[in-house]
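**Q** Quick one: sequence and predicted model below, then my questions.
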There are 2 protein chains.
Amino acid sequence: MKGKNTAVGSEFSTFSGYFCDMETIVQSQTLIQLVKSVFLAMGCPPHQAQLAADVLVSADLRGIDSHGVARLSGYVRLWEVGRVNAQPHISIVHETPSTAVVDGGSGLGLVVAPQAMDIAIEKAKQVGTGWVSVKNSNHFGIAAYHAMKALSHDMIGIVMTNASALVAPTFSAERLLGTNPICVAIPGGEEPAFVGDMATTTAANGKLEILQRKNSDAPLGWIQDADGTPTTNAHALKTGGALLPLGSDKEHGSHKGYALGSIVDIFSAVLSGANYGPWVPPFPAYVPMPENQPGQGIGHFFGAMRIDAFRPAEEFKHHMDKWIRRFRSSQPIDPQQPVLIPGDPERIMHAQRLHDGVPLMDTVWQDLNAVAEKFGIKV
Amino acid sequence: MKGKNTAVGSEFSTFSGYFCDMETIVQSQTLIQLVKSVFLAMGCPPHQAQLAADVLVSADLRGIDSHGVARLSGYVRLWEVGRVNAQPHISIVHETPSTAVVDGGSGLGLVVAPQAMDIAIEKAKQVGTGWVSVKNSNHFGIAAYHAMKALSHDMIGIVMTNASALVAPTFSAERLLGTNPICVAIPGGEEPAFVGDMATTTAANGKLEILQRKNSDAPLGWIQDADGTPTTNAHALKTGGALLPLGSDKEHGSHKGYALGSIVDIFSAVLSGANYGPWVPPFPAYVPMPENQPGQGIGHFFGAMRIDAFRPAEEFKHHMDKWIRRFRSSQPIDPQQPVLIPGDPERIMHAQRLHDGVPLMDTVWQDLNAVAEKFGIKV
């Protein structure tokens, strides 16, 4: 059963939850205002509340629903238990002309990350590239938002973050890595930018959560059970199972996905002084913190490379357009499914949802209303 | 049928080829001398001949047989048709404090790559990090050799290269990318370095070549046929098939392997002015060059990040040791197969072959002897 309800501006209503799979359509500006109001109520400075709301809703606009407003109540709970500081002191604790380590002051990653990316961009303006490793932060939303900040400066943006352990290394029955995404955003000329944004696992956890809600099986190769046996049980993570690194099994290159996730962990946390591996703080506030943590908070890594530090930007963009057009015009296996450029699906979704509004699952919409109500915010 | 023959110093003999699967064991120093003599005979300056021989044989020592002396005759043929310049003019054509573009002067990649990595390291000494994109080069052997140069400087080394098109993007029936490897080398303290060196495909082409020689089937998920249908026929690449990006199919994340291979292509070639995508020159000298090439030669990308540009090197290494030990001691699925750290298998193989010698397939050993004979070199 599936239904739609359209909400524009503040003229929307909630459902009773009777139809578990119903959707409410909400305009992105409405969502941004709601999220901003919540962050303001938490005590965030106005410009940070606005920024955090922009970052969060950008995930919904790009179709990465698992990283958007569905997480708002989770951020609030982290603030309630004192793990998120709404007025963080964000500072550079070490730097060279092309590098910095930033202490996020336990702030919202949604606020810390754009500031760290700005530092990388400023350094790139000065010496060609800038590289910033961040400690003492929290979940930063979608990596693509931060990486794409580089594009308007004619720079390539590179973003990574670690996350709490859900992934088993090849040969391991234990979870030691997060889904640890990598995003690389590269400017095009007439063509839209190349934006590759990927968890270093076979499937992102958000995709698994969708199957869990539907009570559907997962494809073999996404997860293993507590013994390390491949399973299709989408609920296996709740009983000690793990997500699998990109590649799924050794024969299909899971040791490469494991290496990629490890590189993200090390660049984000061992370089900065954040927690790594099994010691990364969990996102749900009710999950106890790992004992004997070796660092502070979670870690991120940001890079910005000025195109004209290598060759004239216009020349580069001309060749990027040629690259993009050649790949897009590749002979498809199925004529109905042309070859895509990384970032195409999210860009198309962004344009569509910016125009039509964001469809929210009823449970998410109820959750948002409950958060608003808690702070006395009228939606 | 399988046999062994041990060759030490110059006291080795060739086989008749009667037993197709026989091996000859050759000491690495003997191989280096032989390869160096061949490069000298091609006209390489002595220090470059020595360097190129070291790089090439390092692949055999690390167990990456597809990238070692088995390729020597291929390099010679590229020189014979004028695609490799034995006395290249290698130059920086553009630079900023943290970046450079290097023109490899059509030299052996085995010589161009270490020089480009040295430039990245020098820049990192000055401003914290160094990033070098290279055009007009040729095949550079194994990425790990170049990335590991950073380790003794307490730096992280990052190396990528593009290669001629063997890989089909997700949804494509055409081959548009090379196996485009990424290597990241990270110093440990008491523990050996982390060295993740991986093709961005499910399986490296070298693994497929082994199956082709044995006339064995390939696992499903490694390759597709000319129509884009998954196949186990290890010979499918000879009839228009393609290697698959890491992830194998869309459901298992092949779009991520495709994005990773694309990033390598763009950093190596679109940034530098080398050829990219389907225009990258093929390694076999008898394969015609692609028409209307947009750049020069093949492209590489090198990065060096000084650890103490982020935090004190000793502090970092202490935490890397903790990271490595925690992962190595992870609960294994099979008690007989402990969890490995990227680089473990190659490091163990290197120590073993340095001591015991390098086992060469008889066909490879005959090929080496034929190359030596061509130049009048006594083996």
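**A** All right, it came through fine.

**Q** contacting residues for A:K250?
**A** Residues in contact with A:K250 (C-beta atoms under 8 Å, 6 or more residues apart in numbering or on different chains) are A:170-171. Backbone N, C-alpha and C define where each C-beta goes, glycine included.

**Q** State the number of residues packed around the residue nearest to A:S137 when sequence neighbours are not counted.
**A** Take A:S137 and drop its neighbours on the chain: the residue closest to it by C-beta to C-beta, 6 or more residues apart in numbering or on different chains is A:G104, 3.5 Å away. A:G104 sits with 30 neighbouring residues when counted by other C-beta atoms under 10 Å in any protein chain shown.

**Q** Hmm, A:G104 is touching A:V84, no?
**A** No - taking C-beta atoms under 8 Å as the definition, A:G104 is not a contact partner of A:V84, at 10.2 Å.

**Q** Need the overlap of contacts for these two.
**A** Where contact means C-beta under 8 Å, 6+ apart, the residues bridging A:G104 and A:V84 through contact with each are A:N138.

**Q** Next one: the residue nearest to A:S137 relative to chain B, how far apart?
**A** Distance of A:G104 to chain B, computed by C-beta to the nearest C-beta, to the nearest Å: 15 Å.

**Q** what's the answer for A:F316, then?
**A** Spatial separation of A:F316 from chain B under the definition C-beta to the nearest C-beta is 6 Å.

**Q** related to what we said a few turns ago, how about the residue nearest to A:S137, what does it touch?
**A** Residues in contact with A:G104 (C-beta under 8 Å, 6+ apart) are A:88, A:90, A:112, A:116, A:134-138, A:297.

**Q** again, only using 7 Å
**A** Remark: with contacts taken as C-beta atoms under 7 Å, 6 or more residues apart in numbering or on different chains, A:G104 is in contact with A:88, A:90, A:112, A:134-137, A:297.

**Q** Could you dump those residues into TSV and include neighbour count?
**A** Listed next are the contacts of A:G104 as TSV, based on neighbours: other C-beta atoms under 10 Å in any protein chain shown:
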residue	neighbour count
A:P88	22
A:I90	20
A:V112	29
A:V134	32
A:K135	25
A:N136	26
A:S137	33
A:G297	27
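
**Q** Relative to A:E315, which of the residues you listed is nearest.
**A** Ranked by distance to A:E315 (C-beta to C-beta), the contacts of A:G104 are led by A:V134 at 33.0 Å.

**Q** Give the next helix or strand downstream of the helix or strand hosting that closest one.
**A** Assignment of secondary structure by DSSP states H and E places A:V134 within strand A:129-137. Moving toward the C-terminus from strand A:129-137, the first helix or strand encountered (DSSP H and E) is helix A:143-147.

**Q** Alpha carbons only: can I get that following helix in CSV?
**A** Output of helix A:143-147 as CSV, limited to C-alpha atoms (Å, rounded to 0.1, in the frame of the first residue of the first chain):
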residue,chain,number,x,y,z
ALA,A,143,30.5,13.6,1.4
ALA,A,144,29.4,15.0,-2.0
TYR,A,145,28.2,18.3,-0.5
HIS,A,146,31.6,19.1,0.8
ALA,A,147,33.6,17.8,-2.2
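
**Q** State the mean pLDDT of that helix.
**A** For helix A:143-147, the mean per-residue pLDDT is 98.

**Q** and the stretch 1-150 of chain A, which residues reach chain B?
**A** Applying C-beta under 7 Å from any C-beta of the partner chain, one finds that the stretch 1-150 of chain A approaches chain B through A:94, A:96-99, A:101, A:127-129, A:131, A:133.

**Q** try it again with 6 Å
**A** Where proximity means C-beta under 6 Å from any C-beta of the partner chain, the interface of the stretch 1-150 of chain A facing chain B comprises A:96-99, A:101, A:127-129, A:131, A:133.

**Q** Can you pick out the most distant pair from those residues?
**A** By the measure C-beta to C-beta, these have their two most distant members at A:V101 and A:G128, which lie 19.5 Å apart.

**Q** Of those two, which one has the most company?
**A** Comparing A:V101 with A:G128 by neighbour count (other C-beta under 10 Å), the higher total belongs to A:G128, at 27 against 23.

**Q** which residues does A:P359 contact?
**A** Taking C-beta atoms under 6 Å, 6 or more residues apart in numbering or on different chains as the contact definition, A:P359 lies against A:23, A:25.

**Q** Right, I'll leave it there.
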